[in-house]
Structure formats: C-alpha cells, structure tokens
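Student: What shape does this take:
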Amino acid sequence: MIRDVPVESVAIAEAGLLLRPWRSEDAENVYRACQDPDIQRWTRVPAPYRLEHATGFVTRTAPDAWSTGTGAPLAVCDAATGELLGSCGLVAITPGLGSAEVGYWTAPWARGRGVAVRATRALCRWAFRELGLRRIIWQAEVGNYGSRLVALRAGFRIEGRLRLAEPHRTGIDDGWIGSLLPGDLDGPDPEGAETALPGGPGTLEARRAAVFGTAQPVLFTRAPDGTELRLRPLDECDLDGLVTTCRDPETVRWTTVPDPYQRSDAEFFVREHGPTVWRRGTGAAFVIADDNDEFAGVMELRLSPADPLVGDLGYLVAPYARGRGYCPAAVTAICTWGFTTLGLARIEWRANVGNTASRRAVEKAGFVIEGTARHALNHRGTRTDAWLGSLLPADLGLVAGTR
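Tutor: Take a look at the predicted model:
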C-alpha cells in the first residue's frame with residue numbers, strides 16, 4: 001500500500017535542485033517552456049500551447065492528481081535561486097502494485113546541465129523512501145533518445161519495446177519501456193552535481209542513445225582511384241539507382257531482395273526501412289555515393305540483438321561501381337565508424353558460398369574468413385552454406401570498444 005504524504009509537506013532538495021508542488025505563479029514559465037518544439041513533439045501537452053493550458057495544469061490538473069492519489073507532479077527549481085528549470089513527477093500511480101510511471105521535461109533555458117537526470121534520481125529516491133513504491137516505470141516513443149538518455153543515466157534498465165496505449169498525435173505507436181527498482185539507486189547525488197555518474201551497466205546504451213539521438217552522419221572515404229565516396233542516409237534521389245541495382249541478375253542471384261523487384265520495394269526501403277532502423281537504434285543503412293552523389297550501392301550495419309558488441313554487415317553494389325574498389329573502401333569506413341562510435345568489438349559478414357566478389361571485397365577491407373557454416377542462410381526458401389568472416393578493431397589498428 002502506498003503511504004499517504006501531504007502535498008504541502010513535499011520539498012525534495014538534492015543535487016542543487018528543489019522539487020516542489022506546482023503553484024499558480026508558475027503558469028507563465030510553464031507556458032513559456034511549453035512553446036518549445038521538442039516538448040510539444042515528445043510529450044502530450046496541447047499544441048498550440050496556450051497560457052490557459054498552463055494555468056489549468058498548475059491550478060487544477062496537478063492539485064487533482066495529488067488529491068486523488070493518481071500522480072505526484074512536481075516543479076523542478078534551482079535550489080539557490082528558485083528559477084523554474086523543468087517538470088518531473090509521477091503518473092499512473094497504482095497502489096496495489098506499488099508502482100508508478102515517471103515523466104519529465106526540461107525547460108529550453110535549462111538544458112545541458114543534467115537537470116532531468118538529477119531531478120529524476122531525486123524524485124525516484126524520494127518515492128521509494130516516502131511513498132513506499134516498489135517499482136517506477138519509464139516509457140517513451142521509439143526515437144525519443146533525449147528521454148532515453150535521461151532514463152539510462154538515472155539508472156533505469158531499458159527492457160524492451162511495446163505498443164503505446166496513447167501514441168503522440170504526430171508520432172508512431174512503437175514505444176520503449178524501462179523500470180527502476182529501489183536497489184538500482186545508490187546514495188543521494190552530491191550537492192551541486194551537474195550530471196549523474198556516467199558509469200555502470202548503462203554506459204554503452206547511453207553512448208548509443210547519444211549517437212542515435214542525432215541525425216545519421218555522413219561518412220567520407222576514397223576509392224583506390226581517388227574518387228571521393230560518401231556514405232550518407234537514403235534519399236528519394238536514390239530510388240532509380242536502387243531499382244536498377246536490385247533488378248540486376250547478380251544482385252538477385254546473391255541477395256534476398258524481392259524478385260521481381262518493384263519500385264514500391266525501393267520506396268519502402270528508402271522511406272521506411274532506413275529511417276526506422278536509425279530511429280530504433282538497431283543499426284544504420286547508408287547509401288554509397290560517388291563524387292557526383294550518384295547511387296553506387298547500399299551498405300547496412302546491423303547491431304546483434306543477442307550481443308550488443310557484435311555487428312552484422314550487409315551490402316549490395318550498383319553494376320557500374322563493381323570492380324572499382326568502392327565496396328572495400330565503404331566497408332572500411334562503416335566498420336571504423338561502428339568500432340569508434342558505436343563501441344563494437346566484432347563485425348561479422350556472411351555470404352553464400354560461391355559469392356567470390358563479396359568475399360574479395362571484405363578481404364580487401366581486412367576481414368578474416370573464419371570458415372564455412374553449413375546451412376547458415378535461408379536463400380529464397382533453400383538452406384545454403386555460407387562463408388563467415390569477421391573484422392576486429394585491431395585489424396584496422398583501432399583500440400577495442402569497451403562497455
């Protein structure tokens with residue numbers, strides 16, 4: 001049973017912050033903060049956000065949540081000056097389970113100072129101690145890496161994906177979910193701390209959340225003949241080149257692209273597959289483009305769901321670009337990025353036995369062929385033997401990534 005705590009007694013002072021109940025005089029600053037596009041995109045505040053919305057929140061919605069025991073919304077303020085920095089509170093309190101969900105936002109003028117992390121840790125510590133909660137849940141739409149990074153740094157364990165009960169009006173229904181238990185939190189953060197300690201089991205996840213929370217990068221390399229190559233995100237201008245490449249007999253022979261390949265298949269790959277892989281943080285699909293930005297192929301690095309330190313490499317090359325060294329150069333570029341930015345310790349390549357062109361490309365990039373795996377691939381309904389190769393950071397002269 002969750003203990004009853006009088007709202008007027010709540011004042012959580014920790015790590016240079018003061019979390020307190022909302023007051024009517026906060027309405028103007030709430031209104032100002034909620035004009036921010038990121039708050040409107042990733043939370044369920046009304047859009048456009050008007051002053052009456054802010055007034056209703058601080059004078060009716062927040063007090064009602066406290067009085068009914070369904071929530072514990074709090075203003076996050078600077079402990080020294082009283083300036084409003086953000087919002088952090090509990091919603092969906094379930095007394096029988098001893099469970100609640102956390103929600104937060106940071107005002108635009110207070111970002112980059114670890115406010116949400118410090119506030120979330122302080123709130124959760126208080127909720128476990130004073131309310132007797134046994135679990136706090138975090139949820140966010142897939143792609144909200146800002147929220148995910150806060151949750152990880154606050155100590156939450158990200159446990160998987162689920163379909164959201166109330167998707168954002170402009171978002172998707174795919175969400176992340178995580179949880180925090182009392183034993184996941186250590187002692188109070190030191191007074192004046194700007195961020196939570198970065199160590200612990202969430203370090204690699206936090207690193208990747210920071211990567212996938214920004215725009216997909218453009219990687220640069222050069223082919224043996226000096227041609228500058230770019231590995232960039234998929235674009236509408238790649239549709240014709242993708243269709244031509246995927247209808248090529250060699251592509252059909254050695255890959256699992258749909259056969260016959262339709263323009264709609266290319267549109268799905270460009271518009272849905274590439275952005276979704278990046279948004280979910282499960283990998284990255286790049287176009288290989290020449291110095292005229294012409295489509296020269298596709299290269300995808302996928303993160304293993306079984307081992308977060310292992311990646312899987314796949315690619316196809318446009319007919320005109322074959323034999324020019326584009327593929328080995330692109331392989332080296334994307335693997336270097338995988339090792340240095342994503343912290344991978346091993347990248348694997350598989351191809352049907354007999355696909356010597358693919359094998360030569362990865363061998364030129366430094367891959368070591370480790371052997372033949374029997375019936376390792378499903379190629380158009382038939383189990384086929386596959387060559388297996390791998391690349392380690394040391395093969396490129398890099399230091400291995402660590403958790």
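Student: Quick check, Val142 in contact with Asp173.
Tutor: No: counting by C-beta atoms under 8 Å, Asp173 is not a contact partner of Val142; they are 9.3 Å apart. Any C-beta I mention is one placed from the backbone N, CA and C, and that applies to glycine too.
Student: which of these two has more neighbours?
Tutor: More neighbours surround Val142 than the other of Val142 and Asp173, with 20 against 13 (other C-beta atoms under 10 Å).
Student: Could I get the contacting residues of that one?
Tutor: Each residue near Val142 by C-beta atoms under 8 Å, 6 or more residues apart in numbering is listed here: 161, 172, 174-176, 279-280.
Student: Can you tell me how far it is from Ile158?
Tutor: Distance, Val142 to Ile158, using C-beta to C-beta, to the nearest Å: 11 Å.
Student: Need the residues touching each of the two.
Tutor: With contacts defined as C-beta under 8 Å, 6+ apart, the residues adjacent to both Val142 and Ile158 are Trp176.
Student: thinking Val150 is in contact with Trp105, fair?
Tutor: No: the criterion here is C-beta under 8 Å, and Val150 misses it with Trp105 at 10.0 Å.
Student: Can you give me the neighbour number for Leu242?
Tutor: 24.
Student: what residues are up against it?
Tutor: When contacts are counted by C-beta under 8 Å, 6+ apart, Leu242 is found next to 266, 269-270, 295, 298.
Student: Does it lie in a helix or a strand, and which?
Tutor: Assigned by DSSP states H and E, Leu242 belongs to helix 239-247.
Student: how about the CA coordinates for that helix, as PDB?
Tutor: Listed next in PDB are the C-alpha coordinates belonging to helix 239-247 (Å, rounded to 0.1, in the frame of the first residue of the first chain):
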ATOM      1  CA  LEU A 239      15.100   5.300 -55.900                       C
ATOM      2  CA  ASP A 240      16.100   4.800 -59.600                       C
ATOM      3  CA  GLY A 241      19.600   3.600 -58.800                       C
ATOM      4  CA  LEU A 242      18.200   1.200 -56.100                       C
ATOM      5  CA  VAL A 243      15.600  -0.300 -58.500                       C
ATOM      6  CA  THR A 244      18.200  -0.800 -61.300                       C
ATOM      7  CA  THR A 245      20.700  -2.400 -58.900                       C
ATOM      8  CA  CYS A 246      18.100  -4.700 -57.300                       C
ATOM      9  CA  ARG A 247      16.900  -5.900 -60.700                       C
END
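Student: Which helix or strand lies directly C-terminal to it?
Tutor: Past helix 239-247, further along toward the C-terminus, the next helix or strand under DSSP H and E is helix 249-254.
Student: After that next one, which helix or strand is next? Please name it.
Tutor: Where DSSP H and E defines the elements, the next helix or strand beyond helix 249-254 is helix 263-268.
Student: Please state the offset of that following helix from the chain centre?
Tutor: Distance, stretch centre to chain centre, for helix 263-268: 25 Å (C-alpha atoms, centre = their mean, to the nearest Å).
Student: What are the structural domain limits within this structure?
Tutor: If you go by automatic domain parsing, the domain ranges for the chain are 7-200, 219-396.
Student: Go through those and name the closest to Phe212.
Tutor: domain 219-396 (4.0 Å; C-beta to C-beta).
Student: what's the pLDDT at Ala206?
Tutor: For Ala206, the model assigns a pLDDT of 88.
Student: Ok, Leu197 next?
Tutor: The predicted local distance difference test score for Leu197 is 45.
Student: Tell me where the chain has helices.
Tutor: For the chain, applying DSSP state H gives helices covering 27-33, 37-42, 51-56, 62-68, 115-126, 145-154, 203-212, 239-247, 249-254, 263-268, 274-280, 326-340, 356-364.
Student: which helices and strands does the first one pack with?
Tutor: Helix 27-33 is packed against helix 51-56, strand 84-94, with contacts defined by 3 or more C-beta pairs under 8 Å, 6 or more residues apart in numbering; DSSP states H and E.
Student: Torsion angles phi and psi at the nearest residue to Asp173 once chain neighbours are set aside?
Tutor: Residue nearest to Asp173 in three dimensions, not counting chain neighbours: Pro167, with 4.3 Å by C-beta to C-beta, 6 or more residues apart in numbering. Backbone torsions for Pro167, taken as degrees, to the nearest 10, come to phi -60, psi 150.
Student: Quickly note the distance from Pro167 to Gly143.
Tutor: In this structure, Pro167 and Gly143 are 12 Å apart, going by C-beta to C-beta.
Student: remind me which residues of this structure are low pLDDT?
Tutor: Counting by pLDDT under 70, the chain has low-confidence residues at 1-3, 190-202, 400-403.
Student: check contacts around Arg263.
Tutor: Arg263 makes contacts with 239, 243, as judged by C-beta under 8 Å, 6+ apart.
Student: quick revisit: how about the helices of the chain, which one is nearest Leu392?
Tutor: Put simply, out of these the one that sits nearest Leu392 is helix 326-340, at 8.4 Å, with distance taken as C-beta to C-beta.
Student: hang on, the earlier thing: out of the helices and strands packed on helix 27-33, which one sits most buried?
Tutor: Mean neighbour count (mean count of other C-beta atoms under 10 Å) peaks for strand 84-94 among the helices and strands packed on helix 27-33, with a mean of 22.
Student: mind listing what the residue nearest to Thr94 when sequence neighbours are not counted touches?
Tutor: Nearest residue to Thr94, sequence neighbours excluded (C-beta to C-beta, 6+ apart): Ala100, at 6.8 Å. For Ala100, the contacting residues are 71-72, 90-94, 127, 131, 133, 135-137, taking C-beta under 8 Å, 6+ apart as the criterion.
Student: Check those residues and tell me the two furthest apart.
Tutor: The span of these, defined through C-beta to C-beta, is set by Gly71 and Arg135 at 15.9 Å.
Student: The two - which one has more neighbours?
Tutor: When Gly71 and Arg135 are compared for neighbours, Gly71 comes out ahead with 20 against 17, by other C-beta under 10 Å.
Student: show me what contacts that one?
Tutor: For Gly71, the set of contacting residues under the criterion of C-beta under 8 Å, 6+ apart consists of 62, 65, 89-93, 100.
Student: 6 Å instead, please
Tutor: Gly71 sits next to 65, 90-91 when contact means C-beta atoms under 6 Å, 6 or more residues apart in numbering.
Student: hang on, the earlier thing: just checking the distance from the helix holding Leu242 to the centre of its chain.
Tutor: Here the centre of helix 239-247 is set off from its chain's centre by 29 Å, with C-alpha atoms, centre = their mean.
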